[in-house]
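Sequence and predicted structure, then a few things I'm wondering about:
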Amino acid sequence: MKMKNLLSKPVMLGTLVVLGFITAPAHAKTYYVSQSAGDDASTGESATRPWKTLAKASIQYQPGDTLLLKRGDTWNEELAPKGNGTPEKPITISAYGEGNKPIIDRQDFKKDLTGIRLADQEGFKIVGLEFARCMTGIYAEYSLGCPTKKFLWIEDCYFRDSLHYGHYENYPKSKIGLGICLFTFERAKRIVVTDVTVKNCVFRRLASGFWTNNPDNFNKNASFVYNFGNINFEGCLFEEGYQWQLGLRGVAGGSVRNCVTHDIGRGFRSFNGVAGAMFFRCKDWVFEDSEWGFVDIGLGSGDGEAFDFEGNCDNMIMRNCLFHDTDGPGFLLCCYASDGNPNRGIVMENCVINAKSKRPIVPRVRAAIINTTDWTQSTWKNCRFYLSKGEVLMRVMDPEKDKKSSFTDCRLQDLSAACSTPKLAAQLTASSQAPGQAAARAGDDDATTAWQAASAEGQWLQLDFGKPTVVNEFKMKEPPTSSISRYVIEYWDDKQSKWMSCFNGMGIGTEFIAPIVSRSMQKARLMIVRTTKDQPAITTFEAYHDTSGEAVNVPVGGVTPGRAGK
């Protein structure tokens, strides 16, 4: 019998007649919401007849469905979409129209108000939205015994202004201002949420940026429990936050690539320390081409390091990463505060630490690296360390006979001796220049002359080396008349045909030296992001390839040199 007959003729089953047709799958639908022009009595299925409220839009969605919020509109509501998508056919929440990102603004971050809430759900793609003054921008909660859920993609979203902070040992009962949080009530050793991507997002002025958590947040007996898997961050900026901008607990597998964490802890007091990122009870991560800098203890918080492997972290690989300008150490390897298990398989390749360590994390000792115990297994390969006056390379708080850290082909440099080799030849150009204040004046070795832009923010000063050139240090000087408060040093990436960040800075002042991860570049530029007044001006902008310094090679079992910076 041919298939077309099966589809067109009734089939007799006893006395029951069954119509033998196959129902075609429903087509994915697109829904529209506009706070300014919508009506909840509309169908919501066209841009000309959108819904008005997010409450109306909190319906049951099918795989492949799309919900679009009108650009330029603002809602003070929670969006709680129902249903589940799949990795192949996610439920997409995005934007339509022209203008700025649609905003979910809950107006008071001290109230327990969420932007988007998911419950035991999977298969969502959220793109191009802004979340303002929410207690948590996107909150996804998973119940005890919830089957494994897959796929959450968050891209080009802006999370801002949620600085609520307090003791949160029993989170989520006690709240904290977050951009995104994945929380599960599961305590068993099983993955509940996996395959999460956070791409090209900005997290600004948040108590913490991204959290994973379960009720064992402060349980020291819950080692090797992983409830989350395969979480990946790419191209994200975490800025002006209070505490750990990545607070990751219990995650098996993930990556951080081309991300920047900058200006953390300023004007704030933490009850349990500040770090640019804190990873606890995690394994099998890769960190590449990322930066953590300007971490402050604020009003008297503890720690103040750029990065913290808090304990029970295994097989964590960092490549081409930069850690700089911290009140505490550049890096903390800890296993006492949260867990008795040391970190194992920590591998640092071609990384740079320029901590400056303004305060000791242990009595009378300032160090680029603080290691709470020799039980921690860390391998440092081809890394560079810049020490400030009175600072040592590594301090082990609880030395053991069984030492498990090693250094191979590393370099140790006094920061005061950086940029002492001949500067690299380059042609200087600029976005604009005030009359008589040409770009070349920033490279003429005359401290009395300077480049000055013709207007204020959004200006740049560029070095062109004329050919691919290896650079690992920059020197900048600013005249007293200038007031640059935020800037980025970028290099032109030929392969990607775009400018890429290699150093994020705050003030420059009379002189600032910025070591970076060594890179080959033909062009570099100083991008002025913000000034406090008037046009920016630069007396000196120079690049170096500095190969000086002291070789550091310490085999496993050896004693790390404690040489202090001069």
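That came in fine, so what should we check first? This one's a predicted model, so the numbers in the text were calculated from it and none came from an experiment.

okay, CA-based contacts and neighbour counts for the rest of this
Noted.

distance between stretch 240-251 and the chain's centre?
9 Å (Cα atoms, centre = their mean, to the nearest Å).

From the rest of the structure, what touches it?
163, 204-213, 217, 224-231, 238, 261-266, 268, 270, 273-283 (Cα atoms under 8 Å, 6 or more residues apart in numbering).

try stretch 442-458
Residues contacting stretch 442-458 (Cα under 8 Å, 6+ apart): 428, 430-435, 437-441, 459, 479, 527-531, 533-542.

Selecting buried members of these in PyMOL, what would you type?
Remark: buried members of the contacts of stretch 442-458, expressed as a PyMOL selection using 16 or more other Cα atoms under 10 Å:
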select buried, resi 428+430+432+433+437+438+439+440+441+459+479+527+528+529+530+531+535+536+537+538+539+540+541+542
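
Show me the shaky parts of the protein.
Applying pLDDT under 70 to the chain picks out residues 1-26, 336-338, 566.

and the helix or strand Ile369 falls within, how far out from the chain's middle?
Following DSSP states H and E, the helix or strand that holds Ile369 is strand 366-373. Centroid displacement of strand 366-373 relative to its chain, using Cα atoms, centre = their mean, is 23 Å.

Make 53 the first number, not 1, from now on.
Taking 53 as the first residue, the last one we looked at is strand 418-425.

list the helices and strands that strand packs on?
strand 383-385, strand 443-450 (3 or more Cα pairs under 8 Å, 6 or more residues apart in numbering; DSSP states H and E).

buried residues in that strand?
418-425.

show me the contacts for the closest residue to Asn222 other than its chain neighbours.
Nearest non-adjacent residue to Asn222, counting by Cα to Cα, 6 or more residues apart in numbering: Pro267, 6.9 Å away. Going by Cα under 8 Å, 6+ apart, Pro267 touches 222-223, 236-239.

So Pro267 belongs to a helix, correct?
No. Judged by DSSP: H, G, I helix; E, B strand; the rest coil, Pro267 forms no part of a helix; its state is coil.

gap between it and Phe332?
14 Å (Cα to Cα, to the nearest Å).

Next, the contact list for Leu170, please.
132-134, 190-193 are the contacts of Leu170 under Cα under 8 Å, 6+ apart.

Same list (these) but as a markdown table, adding distance to Met449, neighbour count and secondary structure.
A markdown table is the format used below for the contacts of Leu170 (distance: Cα to Cα, whole Å; neighbours: other Cα atoms under 10 Å; DSSP: H, G, I helix; E, B strand; the rest coil):
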| residue | distance to Met449 | neighbour count | secondary structure |
| --- | --- | --- | --- |
| Ala132 | 48 | 20 | coil |
| Pro133 | 50 | 23 | coil |
| Lys134 | 51 | 18 | strand |
| Ile190 | 39 | 24 | strand |
| Tyr191 | 38 | 20 | strand |
| Ala192 | 38 | 20 | strand |
| Glu193 | 38 | 19 | strand |
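
Nearest to Thr82 among those?
Pro133 (13.5 Å; Cα to Cα).

I figured that closest one was touching Ile111, is that so?
Yes. Under the criterion of Cα atoms under 8 Å, Pro133 makes contact with Ile111 at 5.6 Å.

I would like the residues contacting the strand holding Ile421, please.
Against strand 418-425 from outside (Cα under 8 Å, 6+ apart): 380-388, 394, 405-413, 437, 439, 442-452.

May I see the ChimeraX selection of the buried members of those?
A single ChimeraX command selects the buried members of the contacts of strand 418-425 (16+ other Cα under 10 Å):
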select :380,381,382,383,384,385,386,387,394,405,406,407,408,409,410,411,412,413,437,439,442,443,444,445,446,447,448
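
what about Phe323, distance to Leu234?
In terms of Cα to Cα, Phe323 sits 23 Å off from Leu234.

Among these two, which residue is more densely surrounded?
Leu234 (18 against 12; other Cα atoms under 10 Å).

residues in contact with the more buried one?
Here Leu234 is in contact with 191-194, 263-265 (Cα under 8 Å, 6+ apart).

switch to 10 Å and redo it
170, 190-194, 245, 262-266, 280, 300 (Cα atoms under 10 Å, 6 or more residues apart in numbering).

Ramachandran angles for it?
Dihedral pair for Leu234: phi -110, psi 120, per degrees, to the nearest 10.
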